[in-house]
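[1] Take a look and give me a structure for this.
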Amino acid sequence: MPMHTQSWESVGPSLDECIKCNICTSYCPVAEVTDKFHGPKYSGPQAQRFRENGQPQSPDHSVDYCSGCRVCNEVCPTGVRIAEINARARAQAAAEHGIPLRNRLLGRSDMLGKLGMIAPGLANWGMRQGFARSIAEGVLGISKHAQMPTWSREGTFASWLKRSAPNRLRSERKVVYYHGCSTMYYEPYVGKAAMAVFEHNGFEVVVPEQGCCGLPLLNNAEFPAAEKYHHHNLEWLTPYARQGYQIVGTSTSCTLTLKEEAPDMLDIHTPEARDLALAVWDIFEWLRELHAQGQMKTDFQPIDMVLPYHPPCQYRAHHIGSPVMDILPLIPGLDVRESHARCCGGAGTYVYKKEKYQIAMDVGQELFTWVDEQRPVTMTACTSETCRWHIESATKLPCRHPIEVLAAAYGLYDLEKRKLTKE
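    Numbers count the residues shown, from 1 in each chain. Next up, the predicted model:
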């Protein structure tokens, strides 16, 4: 397989800033629970020096156990881009040694979403069968214990959008919605809640053609395929950015990828990539700005509930503070409690891999224990879909996107049934 070369324009210069202080390793949630990962410093900048300048791939394969949580980036005192170095090292190894079929499948969330939607009831039934899951584990290495996403039995978000088109708000104030794969195939109710919030605040919602952000491919070391995905999104979304539209997403993973992960990891530093990155907002970052301008409606109904909220790793990587905590506490009666756990452990497709499932559970124990201490609790909240699924599986509590909570406070959404009150 030909090597997918990278110029290291964005990441490489930070390599020599490593002072070998080991702060990253002391904070790393993966290194804390397993010896299979030698730590961010060793598997990242230290090992990278043996991978450069045409040298053969380092024999250190522990880098594959990096979950990409980016905690190392947050705590590094000199700004080394450790998580990105590790991801590129995985891509280099994949280019030299190939990518397992399992990783190729897990990297294509859009393809899996489309396949499951052919017969969602049958697909969901199959994912619940121990025999089928055991075969998948034995043949592909997909953990039989990890909770797989559930395909929507009510159709895709796009099909609902088409049906509801005649009833959509028309306004001079417009916003572009980037929904991502999870909303399209698995959680259309998240998109419905977001649409309801946008329109309640007087915005007409434009939903253009769009594709997977490519993060699952990046995480599974398929950089060439991820580059194609990103270029497609640039083609579809940049024209809206250049017209002055704000492009708002409900998936933290997706918005981070469009803004930073894909351009930096793939060295796509074109004017189109810059313009798109500047136009992309996380939905609560956008709402916080709207509220700061005095334009966000606060006609909330009380919600009397303790709500443990976990800001996922990607959110912290945005460097935008904690916008959910700036908005949800405005709801009367809602006791929002923010987790400071380093990582839930799910890390996208990490938890689905047989050899990493228990590591994911061990990493997340810090969060799961904290949730158990926040009583009385009937549900939790998180802004990343894969984190929600993992937290729900581990805590046995429903986990909602915070936008669902906000839509419920507006009286537009049933938080228990995950349905719009008027549909």
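[2] Enumerate every residue touching the residue most central in space within the chain.
    The chain has residue 253 as the residue nearest its centroid, 2.6 Å off, counting by Cα atoms, centre = their mean. Residue 253 makes contacts with 180, 213, 215, 312, 314, 348, 384-386, as judged by Cβ atoms under 8 Å, 6 or more residues apart in numbering. All C-beta atoms are positioned from the backbone trio N, CA, C, and that covers glycine.
[3] element containing the residue lying closest to residue 273 once chain neighbours are set aside?
    Excluding the flanking residues, the one nearest residue 273 by Cβ to Cβ, 6 or more residues apart in numbering is residue 263, at 4.7 Å. Counting by DSSP states H and E, the element that carries residue 263 is helix 262-265.
[4] Tell me the helices and strands packed up against whatever helix or strand comes next after that helix.
    Counting by DSSP H and E, the next helix or strand C-terminal to helix 262-265 is helix 271-279. The contact analysis (3 or more Cβ pairs under 8 Å, 6 or more residues apart in numbering; DSSP states H and E) places helix 271-279 against helix 223-242, helix 262-265.
[5] closest to residue 75 out of the ones you listed?
    Among these, the nearest to residue 75 by Cβ to Cβ is helix 262-265 (19.1 Å).
[6] helices or strands next to the closest one in the packing?
    helix 82-97, helix 215-219, helix 223-242, helix 271-279.
[7] Which of those helices has the highest mean neighbour count?
    By mean neighbour count, with neighbours taken as mean count of other Cβ atoms under 10 Å, helix 215-219 ranks first of the helices and strands packed on helix 262-265 at a mean of 27.
[8] Need the CA coordinates for that helix. CSV is fine.
    The C-alpha atoms that make up helix 215-219 are tabulated as CSV, following Å, rounded to 0.1, in the frame of the first residue of the first chain:
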residue,chain,number,x,y,z
LEU,A,215,-13.4,11.4,12.1
PRO,A,216,-14.1,7.7,12.3
LEU,A,217,-11.7,7.3,9.4
LEU,A,218,-9.1,9.4,11.0
ASN,A,219,-9.4,7.4,14.2
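[9] distance between it and the chain's centre?
    Computed by Cα atoms, centre = their mean, to the nearest Å, the chain-centroid distance of helix 215-219 equals 10 Å.
[10] Run through who's touching that helix.
    68, 87, 106-109, 223, 225-226, 229, 253-254, 256-257, 261-262, 265, 347-350.
[11] Can you turn the buried subset of those residues into a selection I can paste into ChimeraX?
    Applied in ChimeraX, the following selects the buried portion of the contacts of helix 215-219 according to 16 or more other Cβ atoms under 10 Å:
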select :68,87,106,107,108,109,223,225,226,229,253,254,256,257,261,262,265,347,348,349,350
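[12] could you say what helices and strands the lowest-mean-pLDDT helix or strand in the chain packs with?
    Scoring the helices and strands of the chain by mean pLDDT, DSSP states H and E places helix 47-48 at the bottom, with a mean of 74. Helices and strands touching helix 47-48, by 3+ Cβ pairs under 8 Å, 6+ apart, are helix 82-97.
[13] tilt between the helix it packs on and helix 223-242?
    Following axes from the mean of the first three to the mean of the last three Cα atoms, to 10 degrees, one obtains 130 degrees for the angle between helix 82-97 and helix 223-242.
[14] after helix 82-97, next one along is what?
    Following helix 82-97 in sequence, per DSSP H and E, is helix 101-106.
[15] starting at the chain centroid, how far to that following helix?
    The chain centroid and the centroid of helix 101-106 are separated by 18 Å under Cα atoms, centre = their mean.
[16] Helix or strand next in line after that helix, which one?
    Following helix 101-106 in sequence, per DSSP H and E, is helix 109-116.
[17] list the buried ones in that next one?
    Buried-residue list, helix 109-116, by 16+ other Cβ under 10 Å: 109-110, 112-113, 116.
[18] Of those, just say which sits nearest to residue 391.
    Among the buried residues of helix 109-116, and counting by Cβ to Cβ, the member closest to residue 391 is residue 109, at 18.6 Å.
[19] list the contacts for the closest one?
    Going by Cβ under 8 Å, 6+ apart, residue 109 touches 181-182, 212, 216.
[20] The same query, at a cut-off of 6 Å, please.
    Listed by Cβ atoms under 6 Å, 6 or more residues apart in numbering, the contact partners of residue 109 are 181, 212, 216.
[21] Point me to the helix or strand that includes the residue nearest to the centre of the chain.
    helix 252-256.
[22] what's the closest non-adjacent residue to residue 102?
    Leaving aside its sequence neighbours, residue 102 sits nearest to residue 140 (Cβ to Cβ, 6+ apart; 4.4 Å).
[23] Before we move on, what's the pLDDT of the one you found?
    Confidence at residue 140, expressed as pLDDT, is 92.
[24] cool, and residue 78?
    89.
[25] Next, work out how far apart it and residue 283 are.
    With distances taken as Cβ to Cβ, to the nearest Å, residue 78 is found 33 Å from residue 283.
[26] coming back round to it: widest-spaced pair of the contacts of residue 253?
    Between any two of these (Cβ to Cβ), the greatest distance is 14.8 Å, for 213 and 312.
[27] more crowded one of the two?
    residue 213 (28 against 25; other Cβ atoms under 10 Å).
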